[in-house]
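Participant: got a predicted model here, sequence first, then my questions.
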Amino acid sequence: MLLFPLTALYAGAIALRHFLYNKGIFKSEKGALPTLVLGNLHAGGTGKTPHASYFLQVLSKKLGSPSKVALLSRGFMRRTSGLVWVDADGDWRDVGDEPALLKSLNPLNPMAVCENRRQGVKAIAEKHPEVEVVVLDDGLQHRSLIPHKSVVILDSDRPLSDEALLPAGNLRDFKSRLKGFNAIIISRSSENLHQEMEKQGIPSNIQPVFSSQMKDATLPHSGKPRILAISGIAEPERFMDRLAKEYSVVRRETYSDHYEYTEKDVQGWLASIRNEKLDSIVTTSKDAVKIRPLIEKHPEIVLKSICIEVVWHNEGAVEAWVDEWLESPIFAKH
């Protein structure tokens, strides 16, 4: 109840912004290339990055080359501004941790970060004329760009029916926006699709709705190694709990999402490794992007990262949806 006045102010600001875009007072237009925009209503933690990587890969396969599919991101918490190209050997702080991770997973796809998504798409079209489609990994609230296709990702573990707007809850946008998206993905799904839709409060006439699970790529090891588990992502408890099934998690260190690690952190980890005779540090692939440069001078630290992959309950339906879009007239001129 104490946060209700702040939530009401936030709701008013969001409603006014949508009204101004809906009435054309704020300008919206489509990009220079076909765009597939992914995003969420929650303030993080829905599995957006693994899903973005999946769509980069499936579109690259269907269009015949990763050079034909680009990624554009805002580059949250980067130290730069404007348009910056994401290079495989670049500094993650210039582009943000998630774009750096996506580049490491998909090195042949052109990638850039830019606050202004329309300008970013235009820059991609100019520098990479071979690109036929751009995936935006977080752009549903960036209303100045009208997506050609928009996909919202929901979290099965956090039903919309139980959530409220920030700061009282964890929603960054109205639940009513669901009906305006071209597709819905329910991630971390453990029930059948009908049950998942009921749990989220999604009407049966809203289609298409897909469901997926997050799968940790397995790392080879014997026994249950003694580890220090590190996580700087949204909803870190889920990652930590999964590790406990395969490892002896002697110590857990959790940090805020997008946290920038320091030498002081490294020294604390070293003390734990020495004092508790730990075999390694195990972390997420997003955290590893930021940690690896810091431990280059510390060969004593064995770092293992776990990549999260998307497993669909009906991948055929997802690919059919992608195929239908690629066969639409908009791609005939590209």
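Facilitator: Yep, it's here.

Participant: for His194, the count of nearby residues, please.
Facilitator: Using other Cβ atoms under 10 Å, the number of residues around His194 comes to 10. To be clear about C-beta, it is placed using only N, CA and C from the backbone, and glycine gets the same treatment.

Participant: ok so it is a helix residue?
Facilitator: Yes: the assignment for His194 is a helix, going by DSSP: H, G, I helix; E, B strand; the rest coil.

Participant: contacting residues for it?
Facilitator: Residues in contact with His194 (Cβ atoms under 8 Å, 6 or more residues apart in numbering): none are found.

Participant: go on, Val249?
Facilitator: Neighbouring residues of Val249 by Cβ under 8 Å, 6+ apart: 227, 229, 240, 243.

Participant: who does it bridge with?
Facilitator: With DSSP bridges as the criterion, Val249 is bridged to Ile227.

Participant: picking up where we left off before, ok, which pair from the contacts of Val249 is furthest apart?
Facilitator: Using Cβ to Cβ, the two most remote members of the contacts of Val249 are Ile227 and Met240, lying 10.8 Å apart.

Participant: doesn't Val209 make contact with Lys179?
Facilitator: No: contact between Lys179 and Val209 fails when scored by Cβ atoms under 8 Å: they sit 11.9 Å apart.

Participant: of the two, which one has the most company?
Facilitator: Between Lys179 and Val209, counted using other Cβ under 10 Å, the more crowded position is Val209 (19 against 11).

Participant: now that one: closest residue in space, sequence neighbours ignored.
Facilitator: What sits nearest to Val209 in space, not counting adjacent residues and going by Cβ to Cβ, 6 or more residues apart in numbering, is Ile184, at 4.6 Å.

Participant: and the gap between Gln200 and Leu178?
Facilitator: Plainly put, Gln200 is 9 Å away from Leu178 if you go by Cβ to Cβ, to the nearest Å.

Participant: what of Lys286?
Facilitator: Here the criterion is Cβ to Cβ. By it, Lys286 lies 27 Å from Leu178.

Participant: and the two? Which one has more around it.
Facilitator: The residue with more neighbours, out of Lys286 and Leu178, is Lys286; 25 against 19, by other Cβ under 10 Å.

Participant: name the helices or strands packed onto whatever helix or strand the more buried one lives in?
Facilitator: Taking DSSP states H and E as the definition, Lys286 sits inside helix 285-291. When contacts are defined as 3 or more Cβ pairs under 8 Å, 6 or more residues apart in numbering; DSSP states H and E, helix 285-291 packs onto helix 97-105, strand 226-231, strand 303-306.

Participant: pLDDT on that helix, on average?
Facilitator: Here helix 285-291 scores 96 as its mean pLDDT.

Participant: need the contact partners of it.
Facilitator: Residues outside helix 285-291 that contact it (Cβ under 8 Å, 6+ apart): 49, 92, 97-98, 100-101, 104-105, 230-233, 259-261, 281, 283, 303, 305-308.

Participant: all helices of this structure, in order?
Facilitator: Assigned helices in the chain, in chain order: 4-22, 48-63, 92-95, 97-105, 117-127, 193-200, 236-243, 263-275, 285-291, 315-326 (criterion: DSSP state H).

Participant: so which of these comes closest to Leu33?
Facilitator: Nearest to Leu33 among those is helix 117-127; the distance by Cβ to Cβ comes to 5.1 Å.

Participant: return the distance of that closest one from the chain's centre.
Facilitator: With Cα atoms, centre = their mean, to the nearest Å as the basis, helix 117-127 stands 21 Å off its chain's centre.

Participant: mind listing what's buried along that helix?
Facilitator: The neighbour-count check on helix 117-127 (16 or more other Cβ atoms under 10 Å) flags 117-125 as buried.

Participant: mind giving me the packing neighbours of that helix?
Facilitator: Counting contacts by 3+ Cβ pairs under 8 Å, 6+ apart, helix 117-127 is packed against strand 69-73, strand 111-113, strand 133-136, strand 145-146.

Participant: what lies in contact with that helix?
Facilitator: Applying Cβ under 8 Å, 6+ apart, the set of residues contacting helix 117-127 is 29, 31-33, 35, 70, 72, 74, 83, 85, 110, 112-114, 131, 134, 136, 139, 142, 144-145.

Participant: buried subset of the residues you listed as a ChimeraX selection?
Facilitator: Filtering the contacts of helix 117-127 down to the buried ones (16+ other Cβ under 10 Å) takes a single ChimeraX command:
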select :31,32,33,35,70,72,74,83,85,110,112,113,114,131,134,136,139,142,145
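
Participant: picking that back up, relative to Arg251, which of the helices and strands packed on helix 117-127 is closest?
Facilitator: Ranking the helices and strands packed on helix 117-127 by their distance to Arg251 (criterion: Cβ to Cβ) puts strand 69-73 first, at 32.4 Å.
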